[in-house]
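Student: Mind folding the following:
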Amino acid sequence: MPELVFFSGTMDCGKSTLALQIGHNRAARGLQGVNFTRCDRAGEGKLSSRLGLVTEAVEVTDHMDVYGYLVEQLSKGGRADYVIVDEAQFLAPEQIDQLARIVDDLGLDVFAFGITTDFRTKLFPGSQRLIELADRVETLQVEAMCWCGARATHNARTVGGEMVVEGEQVVVGDVNRPAEEVGYEVLCRRHHRRRMTSAAAHAGALSPDVLPVTPA
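Tutor: As a prediction, this is how the structure comes out:
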């Protein structure tokens with residue numbers, strides 16, 4: 001039976017890499033997929049991994065009907081054996097409903113990849129709808145690590161190395177951006193609560209309150 005599967009995790013846990021791997025494995029079996037993405041770090045119409053892998057993708061815009069787009073492509077003689085959606089947290093809830101319709105009405109597997117919560121620890125609307133509708137929600141097993149060595153569970157937005165907790169929910173950045181720009185960092189809950197980024201920790205010479213811990 002076709003499924004809508006949501007692969008979730010923090011930044012740096014390999015979501016886009018897995019998306020590309022799933023596409024590669026199916027292509028090796030002669031299957032053809034359609035890739036969708038939104039606000040990828042590599043630019044519009046790209047699905048990229050931090051490992052340097054990149055492929056073409058359809059950019060999902062604000063009011064795009066994803067189901068309608070796919071039906072139109074199929075009616076023109078296009079082929080789709082499955083669908084991959086990266087950065088799915090940025091999709092609108094109604095677009096997530098359209099992904100479910102692709103599964104139910106077209107009989108295609110849809111693999112969606114995204115982070116669950118934003119830099120304020122609030123659910124992205126797209127991720128919330130995926131949790132509500134998905135046949136399966138899979139948490140990726142590759143654990144991102146906080147600067148202290150503990151398992152990273154929260155995404156932090158930084159400006160100039162300092163964590164910020166206000167602003168627009170969607171601001172495109174990356175973990176490798178220069179410190180003076182908007183960037184992102186993964187933190188454990190303890191240091192997210194304390195707004196203690198790696199830059200702040202090293203600037204404070206790692207006071208006893210923020211000594212690194214050894215991961216289990």
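Student: domain assignment for this structure?
Tutor: 4-139, 154-210 (automatic domain parsing).
Student: hey, which of those is tucked in deepest?
Tutor: domain 4-139 (a mean of 18; mean count of other C-beta atoms under 10 Å). C-beta here means a position set from N, CA and C on the backbone, and glycine is covered the same way.
Student: Can you give me the first-to-last residue distance of that domain?
Tutor: The first residue of domain 4-139 is 14 Å away from its last residue (C-alpha to C-alpha, to the nearest Å).
Student: Go through the domains of the chain and find the least confident stretch.
Tutor: Across the domains of the chain, domain 154-210 has the smallest mean pLDDT, namely a mean of 74.
Student: Identify whichever of the domains of the chain lies nearest to Trp147.
Tutor: domain 154-210 (3.7 Å; C-beta to C-beta).
Student: hmm, back to that, for Cys146, which of the domains of the chain is the nearest?
Tutor: domain 154-210 (4.0 Å).
Student: How is Val34 assigned, secondary-structure-wise?
Tutor: Using DSSP: H, G, I helix; E, B strand; the rest coil, the structure places Val34 in strand.
Student: hmm, back to that, with distance to Cys146 as extra columns, can I get the domains of the chain in TSV?
Tutor: Below are those laid out as TSV (distance: least, C-beta to C-beta, whole Å):
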stretch	distance to Cys146
domain 4-139	10
domain 154-210	4
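Student: Could you work out which of those reaches nearest to Cys148?
Tutor: domain 154-210 (6.3 Å).
Student: what is the residue nearest in space to the middle of the chain paired to in the beta sheet?
Tutor: The structure's the chain has its C-alpha centroid closest to Gly114; by C-alpha atoms, centre = their mean the separation is 2.8 Å. Taking DSSP bridges, one obtains Ser8 as the residues bridged to Gly114.
Student: From Ser198, how far out is it?
Tutor: Separation of Gly114 from Ser198 (C-beta to C-beta, to the nearest Å) stands at 24 Å.
Student: same question, Lys122
Tutor: In terms of C-beta to C-beta, Lys122 sits 23 Å off from Ser198.
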